[in-house]
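A.B. asks: 3D, please:
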Amino acid sequence: MFGKKDSETNAEGAQPSGEPRDSAEAPKPAEDLKVAEYRDQMLRMKAEFENVKKRLERDKSDAVKYANEKILVDVLQIADNFERALSSIDQGHDPAKVKQGLSIVRDELKKVLERHGVETVSSVGAPFDPNLHEAVGIVETDDAEDGTVVDEVQKGYFLNGRLIRPSRVRVAQAAKK
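C.D. replies: Sure thing, here's the model as predicted:
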């Protein structure tokens, strides 16, 4: 209308100079500010996420590193009691009293282990179970049923219901006639 023909506009509706035809198509300064604000918020959220991720990894690492601290504090007290018992032998104390003291320390250790979820595997008199026991020998006998555990060489343990060490046992076998 002002000296330009319709043929001078291209397919996108822009004039040959590259300027938009309509002012509604031009980005507004308010929209630019919103886009910049959203971009800033996204970058801040991304940085916060990375910080949380690093903090969680550090906390996890610390938790693994110091997971055994509570049980070790309890066990160190028992170790101190064993040291006292050994030194009392050197001081000439009555061996029967030292044995009694060691029994008390052993019972204390059992209580600490139980408090931390450790239980012993029942073995003697039970049927041999390869999931709980490791056979280290066979005992020929008529006093026990075939396949029954008759002797425990080394105790087995559960930790919170999960086997952490099988019992090492000797298993009964019928005596040859």
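
A.B. asks: Spell out the secondary structure type for the residue nearest the centre of the chain.
C.D. replies: A centroid search over the chain (Cα atoms, centre = their mean) returns Val64, at 6.9 Å, as the residue closest to the centre. Val64 falls in the helix class when you classify it by DSSP: H, G, I helix; E, B strand; the rest coil.

A.B. asks: Name the residues of the helix or strand of the chain with the lowest mean pLDDT that are buried.
C.D. replies: Ranked by mean pLDDT, DSSP states H and E, the weakest helix or strand in the chain is helix 69-90, scoring a mean of 90. Buried residues in helix 69-90, defined by neighbour count with 16 or more other Cβ atoms under 10 Å: Asp74, Ile78, Asn81, Ala85, Ser88. Glycine gets a C-beta too; all of them are placed from N, C-alpha and C.

A.B. asks: what do you get for stretch 97-109?
C.D. replies: Quick answer for stretch 97-109 (16+ other Cβ under 10 Å): Val98, Gly101, Leu102, Val105, Leu109.

A.B. asks: hmm, back to that, let me know the closest of the buried residues of helix 69-90 to Ala172.
C.D. replies: Nearest to Ala172 among the buried residues of helix 69-90 is Ile78, at 35.2 Å by Cβ to Cβ.

A.B. asks: Not counting its neighbours along the chain, what's nearest that closest one?
C.D. replies: Distances taken as Cβ to Cβ, 6 or more residues apart in numbering put Leu109 closest to Ile78, at 5.1 Å, once the chain neighbours are dropped.

A.B. asks: could you say which helix or strand contains that neighbour?
C.D. replies: helix 95-115 (DSSP states H and E).

A.B. asks: elements contacting that helix?
C.D. replies: For helix 95-115, the elements it packs on are helix 69-90, judged by 3 or more Cβ pairs under 8 Å, 6 or more residues apart in numbering; DSSP states H and E.

A.B. asks: And the helix it packs on, what does it pack against?
C.D. replies: Using 3+ Cβ pairs under 8 Å, 6+ apart: helix 69-90 touches helix 95-115.

A.B. asks: now Asn81, nearest residue through space, not along the chain?
C.D. replies: Asn81's closest residue in space is Val105 (Cβ to Cβ, 6+ apart), at 4.5 Å.

A.B. asks: can I see the domain layout of this protein?
C.D. replies: 69-116, 119-173 (automatic domain parsing).

A.B. asks: Would you single out the least confident of these?
C.D. replies: When those are compared on mean pLDDT, domain 69-116 scores lowest, with a mean of 90.

A.B. asks: That one: end-to-end distance?
C.D. replies: By Cα to Cα, to the nearest Å, the extent of domain 69-116 from end to end equals 11 Å.

A.B. asks: all numbers from here: first residue = 54
C.D. replies: With 54 as the first residue, the last one maps to domain 122-169.
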